[in-house]
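Undergrad: Sequence below, structure please.
(chains A, B, C and D)
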Number of protein chains: 2
Amino acid sequence: MTRTEPQSNYQRALIGLRELIFSGELTAGSDHLETELAERMGMSRTPVREALLTLESQGLVKVRPRRGVRIVPVSAEDMREIYEVLTELESLAAENAARAGYHETELVALANAIDAMDMALKQQDLVAWAAADERFHAELVRLGGNTRIETIVDRMQDQVRRARASTLYIRPKPLQSNEDHRAVYRAIREGNATSARARHRAHRQEAKATLIALLDKHQLKGL
Amino acid sequence: MTRTEPQSNYQRALIGLRELIFSGELTAGSDHLETELAERMGMSRTPVREALLTLESQGLVKVRPRRGVRIVPVSAEDMREIYEVLTELESLAAENAARAGYHETELVALANAIDAMDMALKQQDLVAWAAADERFHAELVRLGGNTRIETIVDRMQDQVRRARASTLYIRPKPLQSNEDHRAVYRAIREGNATSARARHRAHRQEAKATLIALLDKHQLKGL
DNA sequence: GGCATTGACAATGTATGCATTAAAAAATAC
DNA sequence: GTATTTTTTAATGCATACATTGTCAATGCC
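TA: So this is what the prediction gives:
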């Protein structure tokens, strides 16, 4: 009855495996057998194997000839790389969004995400905050109007999501963060492309610095 | 005896299918049956199917439930998106490469690629020129030192390669192009990050404009 | 005791067969 | 002649079986 029920076992495996990875049930660096995973998903090896190959091409796992499937760990250096890409592409998206001249009514989702973050912060709900933060970034990229950037950012977010699970609670409250978001929002609404880009870039670079410092400090090597 | 012979049929299928697509033997927009492709590759459906799913996650094909595999066409709008990403990420790579302070001996591959382009131009060998151009861009990104950017750019290049096959011979001789390349090279050697970025950005944006104009002019919709 | 060789084991890579199901074709009603 | 339903067809999704091959361990040699 749920609307988005995927019909093929391949897709179920894809979604299921992603959840196992993001939830941490399959810990980073661990190895797993196709047979074992297939049993866990309640289907034969074939669709699971197909899903694993897809996940490999997305960099989440590594299929090693006869040694099982390794859940790829994300190092601090990896996060550095990922944030570099996110900074660059999201800034471009912000610039393009500003240039596109959206009407305020088209920016509702963006504004809502920011409000939701405020709300979550007041209620100390870090999980809700993280969800709203993702919504903001996803919407921003969507407004940028480049579908490849959407896809790439989405993929990078997958990796960030794994790091976030480990760092969310040791991270200082993201207060500054929302001022940045509002500044970006304003720049887009005013059609100020240069400012939108600069603001978002600064925002991302700060986030990067914060996260990297955390990772280094806590020696969180494999996420 | 060849060194890089892939051992699994899955990998052979992956490489083989890519070649069929890039060479244009599988034309953009055309549909194909798994069985047919498997026979063509001389193997069973299983590895071919796995390869197709991987290619789908890379955006080269679209597997449609019971209507065959569609070779995804690349529109002018797609090329606009792709060049936007390439411009952004390669420029960052150039900046980082300059900042890394490479010694001249580490930049040999880059210089060689530029020379090869000169040579190819003199000999009117456009295919060799295109190959050297790819080498230059690949090496530049490698020097940038961000492996995610390498991967992403590589994937985008796949799409460009398809467009190039159609446009290489109707395109004006890329003369200006190599001056740009040399300027980027110089900036990197001198460690001038700002200049490296700016030069490369300008180069890519010009290339984008040229290509888009060509595509629009010749109404090359599906590549 | 250490190292190499051989052999068993087991997980993967691949082929094959079958059930499902969508698309195409045919037949019927209007 | 057109539209609708039924039938047929065939391509895919998946399960299963088998062959291949890397890994691990045990054995024998030095």
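
Undergrad: In three-state terms, how would the residue lying farthest from the centre of chain A be classified?
TA: Most distant from the centre of chain A: residue A:66, at 30.8 Å, with distances by C-alpha atoms, centre = their mean. Following DSSP: H, G, I helix; E, B strand; the rest coil, the label given to residue A:66 is coil.

Undergrad: Now do residue A:125, the pLDDT please.
TA: Residue A:125 carries a pLDDT value of 88.

Undergrad: backbone phi and psi for it, please?
TA: Main-chain dihedrals, residue A:125, degrees, to the nearest 10: phi -100, psi 90.

Undergrad: Run a quick neighbour tally on it.
TA: 14 (other C-beta atoms under 10 Å in any protein chain shown). The C-beta positions use only the backbone N, C-alpha and C, and glycine is treated the same way.

Undergrad: Could you do residue A:77 as well?
TA: With other C-beta under 10 Å as criterion, residue A:77 counts 13.

Undergrad: what's the helix or strand for the spatially most central residue of chain A?
TA: For chain A, the residue sitting closest to the mean C-alpha position, by C-alpha atoms, centre = their mean, is residue A:157 at 2.0 Å. Assessed by DSSP states H and E, residue A:157 sits inside helix A:147-167.

Undergrad: Name the nearest residue to the residue nearest to the centre of chain A, ignoring sequence neighbours.
TA: residue A:134 (6.7 Å; C-beta to C-beta, 6 or more residues apart in numbering or on different chains).

Undergrad: sorry, back to before: helices or strands next to the helix holding residue A:157 in the packing?
TA: Other elements packing on helix A:147-167 under the criterion 3 or more C-beta pairs under 8 Å, 6 or more residues apart in numbering or on different chains; DSSP states H and E are helix A:9-22, helix A:76-100, helix A:126-144, helix A:193-218, helix B:76-100, helix B:147-167.

Undergrad: pLDDT of that helix, averaged?
TA: So the average pLDDT for helix A:147-167 ends up being 87.

Undergrad: Alpha carbons of it, in PDB - could you do that?
TA: Only the C-alpha atoms of helix A:147-167 are listed here, as PDB (Å, rounded to 0.1, in the frame of the first residue of the first chain):
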ATOM      1  CA  THR A 147      20.800  17.500 -12.900                       C
ATOM      2  CA  ARG A 148      24.400  16.100 -13.000                       C
ATOM      3  CA  ILE A 149      25.300  18.300 -10.100                       C
ATOM      4  CA  GLU A 150      22.300  16.900  -8.300                       C
ATOM      5  CA  THR A 151      23.300  13.400  -8.800                       C
ATOM      6  CA  ILE A 152      26.900  13.900  -7.900                       C
ATOM      7  CA  VAL A 153      26.100  15.900  -4.700                       C
ATOM      8  CA  ASP A 154      23.600  13.200  -3.800                       C
ATOM      9  CA  ARG A 155      26.300  10.500  -4.100                       C
ATOM     10  CA  MET A 156      28.700  12.600  -2.000                       C
ATOM     11  CA  GLN A 157      26.000  13.100   0.600                       C
ATOM     12  CA  ASP A 158      25.800   9.400   0.900                       C
ATOM     13  CA  GLN A 159      29.300   9.400   2.200                       C
ATOM     14  CA  VAL A 160      28.800  12.400   4.400                       C
ATOM     15  CA  ARG A 161      25.800  10.700   5.900                       C
ATOM     16  CA  ARG A 162      28.000   7.900   7.200                       C
ATOM     17  CA  ALA A 163      30.400  10.300   8.800                       C
ATOM     18  CA  ARG A 164      27.600  12.300  10.300                       C
ATOM     19  CA  ALA A 165      26.300   9.300  12.200                       C
ATOM     20  CA  SER A 166      29.600   9.200  14.000                       C
ATOM     21  CA  THR A 167      30.100  12.900  14.500                       C
END
